[in-house]
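Engineer: Below is the sequence, then the predicted model.
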Number of protein chains: 2
Amino acid sequence: MMKATRRPPGAPARAAGTSEAILDTAERLVQTRGYNGFSYADIAAELGVTKASLHYHYASKAELGRVLIERYHAAFMAALAVIDAEVAAPCEKLERYVGLYDGVMRNDRMCLCGMLAAEHRTLPATMQALLQQFFDANEIWLTGVLEQGVRSGAFAFGERPRERARVVLGALEGAMLVARSYEDPRRFRAAADYVLADLCKRSAPVARAGSGRGRRARG
Amino acid sequence: MMKATRRPPGAPARAAGTSEAILDTAERLVQTRGYNGFSYADIAAELGVTKASLHYHYASKAELGRVLIERYHAAFMAALAVIDAEVAAPCEKLERYVGLYDGVMRNDRMCLCGMLAAEHRTLPATMQALLQQFFDANEIWLTGVLEQGVRSGAFAFGERPRERARVVLGALEGAMLVARSYEDPRRFRAAADYVLADLCKRSAPVARAGSGRGRRARG
DNA sequence: GTCTATACAGCGATAGAC
DNA sequence: GTCTATCGCTGTATAGAC
């Protein structure tokens, strides 16, 4: 955020920025093992650097955690903006939204903020606040889509879209949570499809669960 | 499990068994902070004993964790048996089922197995297996209630009760997960009521959310 | 069954050379 | 920006006295 890190020609040439590589590794570790389930030593070992180097980029673990949530939140908002730009139908927007989480699952991970929510009590105050902001943003976007769907008559439910948005968000996070215990991403997809079908009027948008591939994995 | 611990008259007289007291404390710590978020030192400090004493009762943390899940699972099954014995209507059974989780939330905790599910990758193999068994048992019970409700015409949905059971379980676990980030048990209750109302034909069984108390907290 | 004492690995973090 | 070296603390676990 403060320096450009224009690397000199003869330098070690770490793949386009150590700071980002640290974030990438740390993000995966949090999503798979939790904030209390990984250490600086884990990141250092994987990247082939020392713990001291990590502290140069992120002075404390709390700082690293803060940046992780901020980046994840920003990336998620960007993905939602893409959805809003590319599709107009509420049901299709929701399918794309579910697709984001499905990509995370297929990548053998859990939602970063869902994972951190479990550890909420043990987190630094800054991270706790950012966690709420992520869920708030999701809730707001979902509520907007649901309201749009109610107006256009695309959805089979009538009242309290904000409550419904919270239920949908919780259902998706919970489906990821439970699916992890079975190490089976299809379990998430099946539950997510049921939630979608239950919301939209048409019988069932998909029958992916149990059948086959569907779409490719993502970061 | 092996000895009766008949305490002699002049003994320190720890409240009806140190082993159980350890489990009680450990259970609360796991439900609030996670398996990786507490230590033997935390339990020892709270109970006023030493860490060495804890290791006498539970040789390793993995062993302690195993017993915790087994006890929690057994207690949950017992609660479900009470529900089956006391009420017959499927909708009422589901309300009672939700009431179990609501009691956990009001007690400032998260479902033990929901919490452990997040940390799944970092757990000993034995605990991982027991975790699946807990969710399987919940799924089976819920599926039975849903099938009963479909036959009696109490439920507004028609097909795939097992899938629906998974969705309901996930929705409840996820609602707890997200609600913790807001430190607000009412958030769980509101979502749970929406799930119930969405399932049962009658308009809305409750309007607790946002209004007031409702029922008393539980262990 | 509980204690004191301790082993030993791991943790987050820092100092200072290069 | 990365390294070596190390600090202080906490983690799980054990030995042996009482």
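Structural biologist: Received, thanks.
Engineer: could you list every residue that touches the residue lying closest to residue A:93 once chain neighbours are set aside?
Structural biologist: Nearest residue to residue A:93 in three dimensions, chain neighbours excluded: residue A:145, at 5.0 Å (C-beta to C-beta, 6 or more residues apart in numbering or on different chains). C-beta: built from backbone N, CA, C; applies to glycine. By C-beta atoms under 8 Å, 6 or more residues apart in numbering or on different chains, the contact list for residue A:145 reads A:90, A:93-94, A:97.
Engineer: rerun at 7 Å
Structural biologist: A:90, A:93-94 (C-beta atoms under 7 Å, 6 or more residues apart in numbering or on different chains).
Engineer: what about it, distance to DNA strand D?
Structural biologist: Distance, residue A:145 to DNA strand D, by C-beta to the nearest atom of the strand, to the nearest Å: 41 Å.
Engineer: Check residue A:117 too.
Structural biologist: 22 Å.
Engineer: and what of residue A:132?
Structural biologist: From residue A:132 to DNA strand D the distance is 26 Å (C-beta to the nearest atom of the strand).
Engineer: How about residue A:68?
Structural biologist: For residue A:68, the distance to DNA strand D - C-beta to the nearest atom of the strand - is 18 Å.
Engineer: So the strand or helix carrying that residue, near chain B or not?
Structural biologist: Per DSSP states H and E: residue A:68 is located in helix A:61-86. No: remark: helix A:61-86 sits outside contact range of chain B, by C-beta under 7 Å from any C-beta of the partner chain, the gap being at least 11.5 Å.
Engineer: what helices or strands is that helix leaning on?
Structural biologist: helix A:18-33, helix A:90-106, helix A:112-118, helix A:125-152 (3 or more C-beta pairs under 7 Å, 6 or more residues apart in numbering or on different chains; DSSP states H and E).
Engineer: Would you reformat the ones you listed as CSV and include mean pLDDT?
Structural biologist: Listed next are the helices and strands packed on helix A:61-86 as CSV, based on pLDDT from 0 to 100:
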stretch, mean pLDDT
helix A:18-33, 98
helix A:90-106, 98
helix A:112-118, 98
helix A:125-152, 97
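Engineer: Mean neighbour count, those: which tops it?
Structural biologist: helix A:112-118 (a mean of 26; mean count of other C-beta atoms under 10 Å in any protein chain shown).
Engineer: which other residues reach that one?
Structural biologist: So helix A:112-118 is contacted by A:27, A:30-31, A:34-35, A:68-69, A:72, A:123, A:127, A:131, A:134-135, A:173, A:176-177, B:34, B:110, B:115, B:118, B:177-178, B:180-181 (C-beta under 7 Å, 6+ apart).
Engineer: circling back to that earlier point, from the contacts of residue A:145, which is closest to DNA strand D?
Structural biologist: Of all the contacts of residue A:145, DNA strand D sits closest to residue A:93, with 39.8 Å by C-beta to the nearest atom of the strand.
Engineer: Could you list which residues are in contact with that closest one?
Structural biologist: With contact set as C-beta under 7 Å, 6+ apart, residue A:93 has these partners: A:83, A:87, A:145.
Engineer: With respect to DNA strand C, which of the helices and strands packed on helix A:61-86 lies nearest?
Structural biologist: Across those (criterion: C-beta to the nearest atom of the strand), the nearest stretch is helix A:18-33, sitting at 10.1 Å.
Engineer: Show me what that closest one is packed up against.
Structural biologist: Secondary-structure packing of helix A:18-33 (3+ C-beta pairs under 7 Å, 6+ apart): helix A:40-47, helix A:51-57, helix A:61-86, helix A:112-118.
Engineer: So which of the ones you listed is the most surrounded?
Structural biologist: helix A:112-118 (a mean of 26).
Engineer: how about the spatially most central residue of chain A, phi and psi?
Structural biologist: Most central in chain A under C-alpha atoms, centre = their mean is residue A:111, positioned 4.1 Å from the mean C-alpha point. Dihedral pair for residue A:111: phi -50, psi 130, per degrees, to the nearest 10.
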